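[1] Structure, please.
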Amino acid sequence: MMYLELFFAFFKVSCFAFGGAYGAIPLIREMVLSHGWLNDESLTYMIAVSESTPGPIMVNLATYIGSEKGGFWGAVIATVGVILPAYLIVLLITALMKNFIKNKYVQAILQGVKPCVTGIILATGVFMVVKNCLCIDGIWELDIRAVGITVALAGCMVILKKVRKKNISPITIILISALLGIVLY
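    Numbering: from 1, shown residues only. From the prediction side, this is the model:
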């Protein structure tokens, strides 16, 4: 029964996750917390680990949560659940691609979804910054080290954007934040 819950929960998340993993994090958070599979702190740590490990974040999260709840087969089933909708959609779109993508209604839907996805990703980022900078072990306190890392990363991004006239690489951001985390924590 647990395997079916894992499969259908991640299948459902994957079906409604527009914008990739960052857009899916609120859905995954709600699903994981409602089933009691992980607490909020463990999930937040796993999101951070999933971002810094190779592979898609949703797949990493599904594999980890499945492994935590059902061992090896739980990991396999949750991973298949999260991958299957995208696989089926890609097959369907590929078969219908010539006429489908040119349809004015499809273009209108895609243009309407873009701002929604942007808002979801922004909300997730703001939630994670607030949670990590203001909440320590469930108590609302200012974590000056987390604030320092956040300010340093934002400063690096702004300075490099002005000096080099291009965005900083996500890999560079991860490396800088890892270095700052090692030094400050």
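[2] max-length helix in the protein?
    Criterion DSSP state H: the longest helix present in the chain is helix 57-100.
[3] list the buried ones in the helix or strand following that one?
    Later in the chain than helix 57-100, the nearest helix or strand by DSSP states H and E is helix 104-134. Buried residues in helix 104-134, defined by neighbour count with 16 or more other Cβ atoms under 10 Å: 120-121, 124, 128, 132-133. In this view, the C-beta of every residue, glycine as well, is placed from N, C-alpha and C.
[4] Same check on stretch 173-185?
    176-177, 180.
[5] Could you do stretch 3-20 as well?
    3, 5-7, 9-11, 13-15, 17, 19.
[6] I'd like the next helix or strand past the least confident helix or strand in the chain by mean pLDDT.
    Least confident helix or strand of the chain, by mean pLDDT, DSSP states H and E, is strand 135-136 with a mean of 68. Counting by DSSP H and E, the next helix or strand C-terminal to strand 135-136 is strand 139-140.
[7] For the helix or strand just after that following strand, which outside residues touch it?
    Downstream of strand 139-140, the first helix or strand assigned by DSSP H and E is helix 144-164. Residues from elsewhere that reach helix 144-164 (Cβ atoms under 8 Å, 6 or more residues apart in numbering): 129, 132-133, 166-168, 173, 176-177, 180-181, 184-185.
[8] One more pass at 7 Å, please.
    Identification of contacts with helix 144-164 by Cβ atoms under 7 Å, 6 or more residues apart in numbering yields 129, 132-133, 167-168, 173, 176-177, 180-181, 184-185.
[9] ditto for stretch 81-101
    With Cβ under 7 Å, 6+ apart, stretch 81-101 has contacts from 6-8, 10-11, 13-15, 58-59, 62, 106.
[10] Show me the chain divided up by domain.
    2-142, 143-185 (automatic domain parsing).
[11] Can you check the distance spanned by the last one, start to finish?
    Translated: domain 143-185. End-to-end span of domain 143-185 (Cα to Cα, to the nearest Å): 11 Å.
[12] again, but for the longest one
    The separation between the terminal residues of domain 2-142, taken as Cα to Cα, is 39 Å.
[13] so how far is residue 35 from the most far-flung residue of the chain relative to its centre?
    Distance from the centre of the chain peaks at residue 99, with 31.7 Å (Cα atoms, centre = their mean). Distance, residue 99 to residue 35, using Cβ to Cβ, to the nearest Å: 40 Å.
[14] Repeat that for residue 53.
    In terms of Cβ to Cβ, residue 53 sits 23 Å off from residue 35.
[15] Same check on residue 17?
    Distance of residue 17 to residue 35, computed by Cβ to Cβ: 17 Å.
[16] Residue 91 now?
    29 Å.
[17] Tell me which of those two has more neighbours.
    Counted by other Cβ atoms under 10 Å, residue 91 and residue 35 do not tie: residue 35 has more neighbours, with 14 against 10.
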